Structures are given as structure tokens and as C-alpha cells.
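Asks: Got a sequence here, can you model it:
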Amino acid sequence: MLKNLTDSGIRVYYVYRMRKEGNMQEQIQTLIGKMKDDYIKFATAGNRGTPAEGSYFAESIANFEDNVSVKYGQKYVKIIRENSVWGFIVNTDNDKVFKKGDILKAAGWNAPARNAARGNIYDDDYYIQWTGPLYLK
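Replies: Residues are numbered from 1 along each chain as shown. Predicted structure coming up:
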């Protein structure tokens with residue numbers, strides 16, 4: 001019976017997801033890096049070009065990671081930027097609707113919007129903005 005599960009790929013998928021999920025902190029750092037990249041695009045958009053040393057945008061870019069905090073809970077990981085909730089990440093395998101690693105928009109300070117995931121931190125093809133997860137299309 002176990003051999004049939006292995007042959008059908010179920011066990012391989014489980015082992016692969018466990019290996020990737022073991023890197024949640026690393027994936028969150030990648031998410032923060034994507035947030036910063038989007039902020040740099042915003043700060044240098046239009047005719048602004050590269051911010052001058054000592055300017056607001058130059059200091060905001062330099063201190064971007066310092067202004068992001070991560071709080072781990074049983075159900076969710078809360079991402080906070082400058083005293084505002086950026087979004088939530090599902091931190092459990094026991095959610096009836098979402099997978100572990102799903103990115104959720106904030107509905108308020110303590111709760112995510114549970115209408116739909118905006119991506120998953122374990123996938124490489126999710127898109128976010130520095131202001132928060134994207135709205136649904």
C-alpha cells in the first residue's frame with residue numbers, strides 16, 4: 001500500500017512541501033525583498049530618478065527592512081510596516097480554505113480578509129506591492 005502511494009506521487013509531493021515549508025522564514029524574507037523592490041520602483045518612478053542622498057526616499061529605501069516587523073501566531077504570520085498591517089500569511093496546515101503560505105490582505109489589525117488568497121510565498125509567481133497584497137481582479 002505504501003509503495004502505491006509512493007508510485008502515485010502523493011508521498012513525494014508531501015515530502016517536497018514539507019521541505020519548502022521548513023523555509024517559511026526564508027520565504028518571508030524573500031517577500032520583504034519583493035516589497036522593497038516595489039518601493040524602489042515607486043520611489044524612482046517618473047522624473048524622480050535616483051533619490052539624492054539624505055532625501056526622504058533615500059532614507060526610506062535604506063531603512064525599509066528596519067520598518068518591517070513579522071509577528072508569528074498559531075494561525076497567521078502578521079507582516080507590519082510602519083505601524084500598519086501589510087498583510088497576513090497562513091501559518092497552519094489545518095485551515096479549511098487556505099494552504100500554508102497563502103498571502104491574505106488585511107481586513108483589520110488582527111484579522112485577514114478571508115475571501116481569497118493573493119498568492120503563496122512558496123510559489124515563485126506571486127505579485128505584491130509595497131503597500132500590501134494586490135486586490136482581486
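
Asks: any chance you could map the strands in the chain?
Replies: With strands called from DSSP state E, the chain shows them at 68-72, 76-81, 84-90, 103-104, 128-129, 132-133.

Asks: who's in contact with residue 103?
Replies: 31, 87-89, 117-121, 126, 128, 133 (Cβ atoms under 8 Å, 6 or more residues apart in numbering). Backbone N, C-alpha and C define where each C-beta goes, glycine included.

Asks: need these in TSV with neighbour count, can you?
Replies: As requested, the contacts of residue 103 are arranged in TSV below (neighbours: other Cβ atoms under 10 Å):
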residue	neighbour count
31	24
87	25
88	26
89	26
117	21
118	19
119	19
120	18
121	25
126	18
128	20
133	26
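
Asks: Same list (these) but as TSV, adding pLDDT and distance to residue 53.
Replies: What follows is the contacts of residue 103, written out as TSV (pLDDT from 0 to 100; distance: Cβ to Cβ, whole Å):
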residue	pLDDT	distance to residue 53
31	95	28
87	97	31
88	98	35
89	97	34
117	95	40
118	94	35
119	94	35
120	95	38
121	95	33
126	90	33
128	93	28
133	93	32
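
Asks: Return the closest of these with respect to residue 39.
Replies: residue 128 (10.9 Å; Cβ to Cβ).

Asks: Help me confirm that that closest one comes into contact with residue 33.
Replies: No - here residue 128 does not reach residue 33: they are 10.7 Å apart, not a contact under Cβ atoms under 8 Å.

Asks: Mind pulling up the pLDDT for residue 11?
Replies: For residue 11, the model assigns a pLDDT of 44.

Asks: before we move on, the earlier item: out of the strands of the chain, flag the one nearest residue 56.
Replies: Among the strands of the chain, strand 76-81 sits nearest to residue 56 (Cβ to Cβ), with 15.9 Å.

Asks: Next, the angle from that closest one to strand 84-90.
Replies: Orientation check (axes from the mean of the first three to the mean of the last three Cα atoms, to 10 degrees): strand 76-81 against strand 84-90 gives 150 degrees.

Asks: Since that was my last question, I'll sign off now.
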